[in-house]
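Student: next comes the sequence, and after it the predicted model I'd like to discuss.
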Amino acid sequence: MAKKKFLLGFSPDIVNEPIVYRLVKDYDLKINILRAEVREMGGRLLMEVEGKAFNIKEAARYLGEAKVDVQELITYVEKNEDRCTHCGMCISICPVEALTMDRPSWKVRYDSEKCIACGMCIDACPPGAMKFRI
Amino acid sequence: MKRTVAEINQRIKDGDVVVMTAEEVISFVQSEGVERAAKEVDVVTTGTFGAMCSSGAFLNFGHSEPPIRMQKVTLNDVPAYGGIAAVDAYIGATELKLDDHSGYGGAHVIEELISGKAVRLKATSDGTDCYPRKDIDTFVSLNTINQAYLFNPRNVYQNYAAGTNSSDRTLYTYMGKLLSNYGNITYSSAGQLSPLLNDPSLRTIGIGTRIFLGGGVGYVAWEGTQFKTNVETQFGAPMGGARNLATIGDMRGMSPEFVRALSLPGYGVSLALGIGIPIPILDEDVLRATAISDEQLFAPLIDYSVQSRNRKPLKHFSYAELRSGRVELFGKEVRTSSLSSYLKARQIAEALSERIESGEFLLTEPVASLPADRSMGTLEVRSKEEAV
């Protein structure tokens, strides 16, 4: 089983396509929607998919054919190491504990694998070390 | 055992001085005992790195041709105070950029100057016979400015209340983002490394004490604003705000590693500053105070959703509990965050130790002591008659 995160972009003319249903039904993927928004220019969907590597690849191909803009995301939030002062303000904010305090070094560790791109840490970081990569 | 500052300085010059950080001295005293440890250790170094809002810089730009008496001054569009002599200005850390909500302010200007960057100076004036020029628009940096020194009215708080939020919405405060329904707790102290918790009654620290300020050299200038001594203590250390210091120091020699602009959305801009103070071990009592550990130091917890100066602490937590990352509050586990960097506090105490050991940093005796008995007044709406 493989696990990947994708950012999907929809133009207004394809918002009626039941894309998530197709991904579950046709490609047997387990879907976790992390972020969804609809604006005048279309919609954006950030999701984590889990399933057979081949199915994920085929699903991405289907999405491309359905004119969905597909981007695989490796890191969503980036930590600027030069800017980080290792205070730890972000630690109690992060809902998935992607940010932790390493002891005894007292350095803030960021595990991008755990990050769900909620963005809670971004305005919580006083020196401005956390930024969306999108 | 008695020791003087002069004797310590002689040992520094002779290369024999024994220096420990306020973290190292804890286990040393535990293993050796106070008596033996006091004979051994000459100096204990402390450090802290946190938001110190009440900070700012005096700058003298030099005279233009023809000269100007600057009345309205901005640096990168952040207003600076120009109500002093012709080309002097004071830029406060929390001052915000004009007509801008991006979270840029005086602290960023200060950090950029210390990083060696140029900042845009704009000034206007009515013009006088002796200062005819009415405006100027130019760039300045630490290379072009005559004097540039931080003068901070309230720094290095002895201790500080931790914050939480009982309301049903997230609060954006100077204690950071406080999640609803006691969703988290934030605190801000270096605890066992914190300068004024290691000399709680300020026996060795006073006006004129040489300190590590922002990576460079600074001095204690005065009692800090809101300095107070009437705070409950535990193991000799205050369990709340209490004392603080006004500090001064040349921006040249400071480093952006220890002077960092902060933006706290919903609150504004602040300056994170690194300060370290050496404590001369004059006798066993001074040493005993420096050996205090996070288990023995306490912070009150304040509910920031109560919008009153009369907030009562919900509870007290030790810094050992707060630093563990999780505490129990009303039967629920709550995660904690520090606003001050323990890593940097440790780096500052270590850097100060090295500077003392290398002979580069000598200790000072205070020129005058800070108040032993001080309370803090409040601001009321009063008539002219009631105010006198």
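Tutor: Happy to help now that I have it.
Student: verify the stated contact: B:Ala349 with B:Pro195.
Tutor: No. With contact defined as Cβ atoms under 8 Å, B:Ala349 and B:Pro195 do not form a contacting pair (9.2 Å). Using the backbone N, CA and C atoms, a C-beta is placed for each residue, glycine as well.
Student: identify the contacts common to those two.
Tutor: Common contacts of B:Ala349 and B:Pro195 (Cβ atoms under 8 Å, 6 or more residues apart in numbering or on different chains): B:Thr46, B:Gly47, B:Gly276.
Student: longest helix anywhere in chain B?
Tutor: Longest helix in chain B by number of residues (criterion: DSSP state H): helix B:342-357.
Student: repeat for chain A
Tutor: Longest helix in chain A, counting residues (DSSP H): helix A:53-65.
Student: the helices in the chain, which residues?
Tutor: Went with chain A since none was named. A:19-27, A:53-65.
Student: hmm, I had chain B in mind actually
Tutor: Shown for chain B, the helices assigned by DSSP H span residues B:5-14, B:24-32, B:34-40, B:106-114, B:284-290, B:319-323, B:342-357.
Student: so how far is the third one from its chain's centroid?
Tutor: With Cα atoms, centre = their mean, to the nearest Å as the basis, helix B:34-40 stands 30 Å off its chain's centre.
Student: quick one: average pLDDT of that helix?
Tutor: The average of the pLDDT scores along helix B:34-40 is 98.
Student: still on that earlier bit, what's the angle from the longest helix of chain B to helix B:24-32?
Tutor: Orientation check (axes from the mean of the first three to the mean of the last three Cα atoms, to 10 degrees): helix B:342-357 against helix B:24-32 gives 80 degrees.
Student: for helix B:342-357, packing partners?
Tutor: When contacts are defined as 3 or more Cβ pairs under 8 Å, 6 or more residues apart in numbering or on different chains; DSSP states H and E, helix B:342-357 sits against strand B:19-21, strand B:43-45, strand B:48-51, strand B:210-213, strand B:268-276.
Student: residues near residue 129, how many?
Tutor: Chain wasn't specified; assuming chain A. Neighbouring residues of A:Ala129 were enumerated by other Cβ atoms under 10 Å in any protein chain shown; the total is 22.
Student: think we crossed wires, I meant chain B
Tutor: When neighbours are counted by other Cβ under 10 Å, B:Asp129 comes out with 5.
Student: rewinding a little: quick check: which helices or strands does the longest helix of chain A pack against?
Tutor: strand A:2-10, helix A:19-27, strand A:42-51, strand A:69-73.
Student: and the angle from it to strand A:69-73?
Tutor: Angle between the axes of helix A:53-65 and strand A:69-73 is 140 degrees (criterion: the same axes, to 10 degrees).
Student: what domains does the record give for chain B?
Tutor: Chain B breaks down by automatic domain parsing into domains covering B:5-52+B:151-357, B:62-145.
Student: okay, those domains in TSV with distance to A:Phe54 next?
Tutor: As requested, these are arranged in TSV below (distance: least, Cβ to Cβ, whole Å):
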stretch	distance to A:Phe54
domain B:5-52+B:151-357	40
domain B:62-145	46
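Student: now, of those domains, which is deepest in the fold?
Tutor: Per-residue neighbour counts averaged over each of the domains of chain B give the maximum for domain B:5-52+B:151-357, namely a mean of 21 (mean count of other Cβ atoms under 10 Å in any protein chain shown).
Student: residues from the stretch 51-200 of chain B in reach of chain A?
Tutor: The stretch 51-200 of chain B comes close to chain A at residues B:Ala51, B:Gly103, B:Tyr172, B:Gly176, B:Lys177, B:Leu179, B:Gly183, B:Asn184, B:Ile185, B:Thr186, as judged by Cβ under 8 Å from any Cβ of the partner chain.
Student: farthest pair within those?
Tutor: Looking at these by Cβ to Cβ, the two members farthest from one another are B:Gly103 and B:Ile185, with 23.9 Å of separation.
Student: could you tell me how many residues sit around residue 57?
Tutor: Just going to use chain A. Using other Cβ under 10 Å, A:Lys57 has 13 neighbouring residues.
Student: let's do chain B instead
Tutor: B:Ala57 is flanked by 26 other residues according to other Cβ under 10 Å.
Student: let me see the contact set for the residue of the stretch 51-200 of chain B found nearest chain A.
Tutor: Among the residues of the stretch 51-200 of chain B, B:Asn184 lies closest to chain A, at 3.7 Å counting by Cβ to the nearest Cβ. Residues in contact with B:Asn184 (Cβ under 8 Å, 6+ apart) are A:Ser92, A:Ile93, B:Thr164, B:Lys177, B:Leu178, B:Val334, B:Arg335, B:Thr336, B:Ser337.
Student: how far away is it from B:Met1?
Tutor: Applying Cβ to Cβ, to the nearest Å, one obtains 45 Å for the distance of B:Asn184 from B:Met1.
Student: phi first, then psi, for the nearest residue to B:Arg3 once chain neighbours are set aside.
Tutor: Excluding its sequence neighbours, the residue lying closest to B:Arg3 (Cβ to Cβ, 6 or more residues apart in numbering or on different chains) is B:Leu282, at 5.5 Å. Backbone geometry at B:Leu282, expressed as degrees, to the nearest 10, gives phi -80, psi -30.
Student: show the pLDDT at B:Leu282.
Tutor: Note for B:Leu282: predicted pLDDT of 98.
Student: quick one on the thing from earlier: which one of the contacts of B:Asn184 is nearest to B:Lys122?
Tutor: Among the contacts of B:Asn184, B:Lys177 lies closest to B:Lys122 (Cβ to Cβ), at 33.9 Å.
Student: I'd guessed the closest one sits against B:Thr170; true?
Tutor: Yes. Taking contact to mean Cβ under 8 Å, the distance of 6.2 Å between B:Lys177 and B:Thr170 places them in contact.
Student: residues from chain A in reach of chain B?
Tutor: Near chain B, the residues belonging to chain A are A:85-93, A:101, A:105-107, A:120, A:123-124, A:126-128 when assessed by Cβ under 8 Å from any Cβ.
Student: good, wrapping up.
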